[in-house]
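>>> Give me a 3D structure for the following:
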Amino acid sequence: MLWTTTPAWIIGIVVYLVLGMFFHDGGSASLEKTDLIMRTIRENFVFHWILILPPVVTLGSAIMKKPVIPNMLLSSIMAVLLAILFQGLDLKTSVASMVTGYTFQSGEPLVDTLLTRGGMVDMMHVTLIAFCAFAFGGIMQETGMLDVILERLLRVANTAGKIIASSVVASIATAIMTGSSFLSILIPGELFAPAYKKFNLAAKNLSRTTEDSGTVIVPLIPWSIAGVFVSGTLGVETVAYVPWAVMCYTGFLFALLYGFTGFAIAPRIRDDETIPGS
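Numbers count the residues shown, from 1 in each chain. Okay, the predicted model is just below:
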């Protein structure tokens with residue numbers, strides 16, 4: 001994904017640099033909310049370098065390609081122990097925070113709202129969406145509906161570039177219609193996987209394309225969960241920040257560019273497409 005996201009990030013940085021240097025009005029944004037949040041957090045929590053161990057373990061296991069579930073359990077256990085040792089929480093509260101989420105009560109509504117969240121229960125809607133999407137995809141695949149759609153698409157999309165362009169359009173369309181970043185990956189992924197295999201393209205090209213044109217487009221859609229969250233957090237209407245979310249709409253342009261030029265497009269070497277070079 002660095003092939004598409006890095007240039008998108010750089011373009012965004014350049015845009016913000018130019019705007020900041022030449023088009024500001026000389027004023028400065030209020031930092032009162034930021035100061036309030038940071039002060040409240042410092043007063044209620046202990047900070048130490050060892051607290052980064054759980055994400056380091058998770059990242060390290062991903063880099064070393066270790067089994068996911070054992071390392072997630074190890075990271076979770078480490079987080080519970082650190083919460084007990086450094087933050088003064090008891091075992092029951094620490095474990096409950098993982099299941100139902102953490103409840104923070106400082107008397108500052110802004111900070112309490114920011115930190116009172118999380119837990120596996122809060123992620124159940126994501127899991128339910130994934131189950132429904134996979135069930136929907138399985139029904140479409142087993143009944144042959146996906147084959148019919150794919151056959152029609154392949155009549156027009158008969159090159160690698162056109163296949164990737166079709167993936168981009170399908171992902172953006174799914175994102176707009178559903179407002180879900182998960183469905184914008186799952187549905188186009190199910191639909192186009194056979195086509196990528198037919199054109200000898202590694203599946204990770206499809207994975208990257210659905211991310212570039214599905215997931216990052218969702219925050220630009222006012223009726224999506226991401227759009228509502230960002231708008232509510234920033235206090236800015238979605239349509240107002242859309243022009244400045246540069247990375248969100250430049251990533252898929254590089255996906256299209258690479259698709260038609262063949263640059264940074266990985267060929268399918270064998271069915272095990274996670275090996276280096278595939």
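>>> Now that Met78 has come up, it's in contact with Leu53, right?
Yes: Met78 is in contact with Leu53 according to Cβ atoms under 8 Å; the separation is 5.6 Å. To be clear about C-beta, it is placed using only N, CA and C from the backbone, and glycine gets the same treatment.
>>> next one: phi and psi at the residue nearest the centre of the chain?
In the chain, the residue lying closest to the centroid (Cα atoms, centre = their mean) is Thr215, at 5.9 Å. The phi/psi pair for Thr215 (degrees, to the nearest 10) reads phi -60, psi -50.
>>> gap between the two ends of stretch 58-72?
Stretch 58-72 has its terminal residues 7 Å apart, counting by Cα to Cα, to the nearest Å.
>>> tell me the mean pLDDT for it?
Throughout stretch 58-72, pLDDT has a mean value of 89.
>>> Now the residue nearest to the centre of the chain: closest residue in space that isn't a chain neighbour?
What sits nearest to Thr215 in space, not counting adjacent residues and going by Cβ to Cβ, 6 or more residues apart in numbering, is Ser181, at 4.3 Å.
>>> check contacts around that neighbour.
Listed by Cβ atoms under 8 Å, 6 or more residues apart in numbering, the contact partners of Ser181 are Ala175, Gly214, Thr215, Val218, Ser224, Ala226.
>>> rerun that using 10 Å as the cut-off
If you count contacts by Cβ atoms under 10 Å, 6 or more residues apart in numbering, Ser181 has them with 126, 129, 171, 174-175, 210-211, 214-219, 221, 224-226.
>>> measure it to Ala264 for me?
23 Å (Cβ to Cβ, to the nearest Å).
>>> and Phe86, how many neighbours?
14 (other Cβ atoms under 10 Å).
>>> was I right about it contacting His48?
Yes: contact criterion Cβ atoms under 10 Å: Phe86 and His48 qualify, at 6.0 Å.
>>> picking up where we left off before, three-state assignment of the residue nearest to Thr215?
coil (DSSP: H, G, I helix; E, B strand; the rest coil).
>>> Now it, what are its backbone angles?
In terms of degrees, to the nearest 10, the main-chain angles of Ser181 are phi -70, psi -30.
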